[in-house]
Structures are given as C-alpha cells and as structure tokens.
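Chemist: I need the structure of the sequence given here:
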Amino acid sequence: MDNGQTGFVLTSLAIGSLIAMPLAGFLIVKNGSRRLAIASTILFIVAVPLMGFMPGYTALLFLMPLVGISTGVMDVAINAQAVEVEKLWGTPITSSFHAFFSGGMFVGAAVAAGFIWAGLDLGLHLVAISTITTGLSLFALRNFLRDEPESSSQDAGGGNRFGMAIILLGLASLCTMIGEGAMADWTPLYMTRVTGSAEAIAPFGQAAFSGAMLVGRSFGDNIRGRVGSRLVVAGGALLALFGVMAAILYPTPVIAIAGFGLVGLGLSNVIPVLFSQASKLPGLRSGVGISSVSTIGYSAFLWGPPVIGFVSDYQNALLPGGIGPFDGVVGLRVGLGVVAVLMFLLFVLSVGYLRVKD
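Modeler: Below you'll find the predicted structure:
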C-alpha cells in the first residue's frame, strides 16, 4: 500500500469510531458503562486478529470500521468508569488514566518490534496478543464498578449554548489529536522510508512517542498544580513543534526517535487540560462541553491520516528528488510538516485565545 491507501485504511477505522461514540453515550445511559465495556472488549479481541488474515486491500477496508466501532465504544465506556473511580478517589487523577493508555501503546510498539525481529507472521502476532489480552481483560472487567443505568432526568442547571469558547477548545483538541494520530500512525513508515532504519528498529519511533506520553502523563497532575494549565498547553505545543521539526530537518534514526519522544512529552497533558476546561464552561449542561470538544477532536482521526498521506504522495510526485533541506525522500517529511503547522497554531491558541484557568 502507498501512503494514500494507508491513510484510507486508517480513515475507515476512524469512521467506525466516530459512528460508535455518540451511540455509546446513549447505550451507557440505558445499560451502564460496565456492560458496554465488556461487550466492546469482546468485539475488539475478536476483530483485531482478523486484520492479519484479510485477503486484500478491499477486505481490510471493510474490516477496519468494525475495529473502530469496538475501540470507540470501549473508549467511551472506560472513560465513564474512570469518572466514577475518580469520584471515589477524591482527587484529580485524569492524567494518570491517560498515562496507562500511553503505556499500552509503548508496550505494543515494543512487542511489535520483537515479533518483526523474530520474523514471525502478522497473523500469529495478533492472535498471540489477543490471547494474552483476553486474560488481562477478564481480570480487569470483573473488577469494574457495577454502575446502574442512569435515570432520564435532565440536569437542571445550564443550557446547550454552543459558543466561541467551545469552538476554540475544540480546535485546540483537533490540533493535538492530529499530532497524536500522526505519531501513532506514521512514525514506523517514517523510520523505514525516510530515515532508512531497519524494520525491526522502526517501531522504536512510536515507542519513544508513547513512552514520553506515559512519563509526561504520570507526572501531569503534579505539573499542572505547579505551573498552571495555560503553561502546560503553551509549553507543550512548543516542545512538540521543536521535536517534529528536528525529525523533519535531520531525518536520521536517532534524531527522529528523539524528536518523536519530544512530541509525546509536549502533547502528553494537553488533552486532559482541554477536557477539564470544557467541563467548566458556563452556559452548558454538565458533560456537554466535554462531549463537544471530544467530538471535534476525535474527528482528527477521520481526516488527519488521509491528509498526511495525500500530501506525502503529492510531494513525492511533484518533487521526486527533493529540494533544499528536503533532499532525498521528501513525501513524508512534508506530510509531517502539517503537524508542525498545527503545533504552532496550538501555541498561538493557548497564548492568545483559549480561556484556560486553574
């Protein structure tokens, strides 16, 4: 598959997620988050190994929305559980929950590198991982809170006003999630096609990003308390901009891995801050702010991957030999330039327009 086809595969997954997320909110109200978490986890464990056995590109396109539906529903259900756990805990621990998500991506990238190094087939890889995660899921899900379906009573306070503040927070979320998605989806290809690294080394770019996210989120709640939410977003945007530009301008395996790590560290606590701010906006019902910002942000996974893929393929066709500092394989370097532009926009938004308060 070329970059554009890869982008379409990722988009088909995002379509499934975006379709499932609004439906998941309705189903949680009717059935509770624990039941929905169990159902979506079962679907995920069954669907993911099938990716290694699809007979062709078209079949993969039909499968990926099913994977997206399972991940979208699981995302909403587990976050709903996290809200209840945080209430019982008594102190903010949002960044810590996100840290475990990044930890899973880190472990997954490392395991993928091991399977590639051993020369094992992708189908065997995914079946083995699903078998292991089945045991982990059984242990986790049996300890989930047994929440009951919510009543149909409406929140008496607030309204549904959709103002400029929610749009700006949503735009900041969009910039951040395109950056996160680009690192998660494109770094292995960047490592092999641009930096010339071996396939077994390629997942380490993604591992550096997710590992840095894990570290940043592990200390995120404490950092926000010390420096404030605005500095977390503005400083994180600058750090991510510096990291992605380093990978673009100096495409060697070591510098690219280090640059992707800086992007992960910079973006690690931006989404928790934005979601927290969205929940405090005046004139909105409880939860409407977060759902609005998250919907805008998650749409990044719908059109972000194909945009980067098409920009990359277009530049490869337009400038096959490169130009100036982009000599050599130019496509994905320019594609990641989209992320650099968005990191600069995120910085401008955080400094001049976002109403970020602690």
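Chemist: could you pull out the helices for the stretch 251-358 of the chain?
Modeler: 253-267, 270-278, 288-298, 300-318, 331-352 (DSSP state H, counting those that start in this stretch).
Chemist: which one of those lies nearest to residue 247?
Modeler: Using C-beta to C-beta as the measure, helix 253-267 is the one of the helices of the stretch 251-358 of the chain that comes nearest residue 247, at 3.5 Å. (Each C-beta comes from the backbone N, C-alpha and C, glycine too.)
Chemist: can I get the helices of the stretch 251-358 of the chain in CSV with mean neighbour count, distance to residue 199 and mean pLDDT?
Modeler: Putting the helices of the stretch 251-358 of the chain into CSV (neighbours: other C-beta atoms under 10 Å; distance: least, C-beta to C-beta, whole Å; pLDDT from 0 to 100) gives the following:
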stretch, mean neighbour count, distance to residue 199, mean pLDDT
helix 253-267, 24, 12, 95
helix 270-278, 23, 31, 82
helix 288-298, 21, 30, 72
helix 300-318, 20, 19, 65
helix 331-352, 21, 16, 87
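Chemist: I'd like those as TSV, with distance to residue 22 appended.
Modeler: Converted to TSV, the helices of the stretch 251-358 of the chain look like this (distance: least, C-beta to C-beta, whole Å):
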stretch	distance to residue 22
helix 253-267	25
helix 270-278	17
helix 288-298	8
helix 300-318	14
helix 331-352	25
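Chemist: just checking, residue 211 touches residue 104?
Modeler: No: taking contacts as C-beta atoms under 8 Å, residue 211 lies outside contact range of residue 104: 11.4 Å.
Chemist: so which of the helices of the stretch 251-358 of the chain is nearest residue 66?
Modeler: Closest approach to residue 66 among those is made by helix 300-318 (15.7 Å; C-beta to C-beta).
Chemist: that older thread, closest one to residue 180 among the helices of the stretch 251-358 of the chain?
Modeler: Using C-beta to C-beta, the helices of the stretch 251-358 of the chain put helix 253-267 closest to residue 180, at 5.9 Å.
Chemist: how far does that closest one sit from the chain's center?
Modeler: 16 Å (C-alpha atoms, centre = their mean, to the nearest Å).
Chemist: so who does the residue nearest to residue 112 when sequence neighbours are not counted touch?
Modeler: For residue 112, ignoring the flanking residues on the chain, the nearest one in space by C-beta to C-beta, 6 or more residues apart in numbering is residue 203 at 4.8 Å. By C-beta atoms under 8 Å, 6 or more residues apart in numbering, the contact list for residue 203 reads 109, 110, 112, 113, 116, 188, 191.
Chemist: my read is that the first one contacts residue 202, right?
Modeler: No: at 9.4 Å, residue 109 does not count as touching residue 202 under the criterion of C-beta under 8 Å.
Chemist: hmm, which helix or strand of this structure has the shakiest average pLDDT?
Modeler: Scoring the helices and strands of the chain by mean pLDDT, DSSP states H and E places helix 300-318 at the bottom, with a mean of 65.
Chemist: any regions of the stretch 101-250 of the chain where pLDDT drops low?
Modeler: 149-162 (pLDDT under 70).
Chemist: ok, which stretches of it are helices?
Modeler: Using DSSP H, counting those that start in this stretch, helices in the stretch 101-250 of the chain cover 122-141, 164-193, 203-218, 220-227, 229-249.
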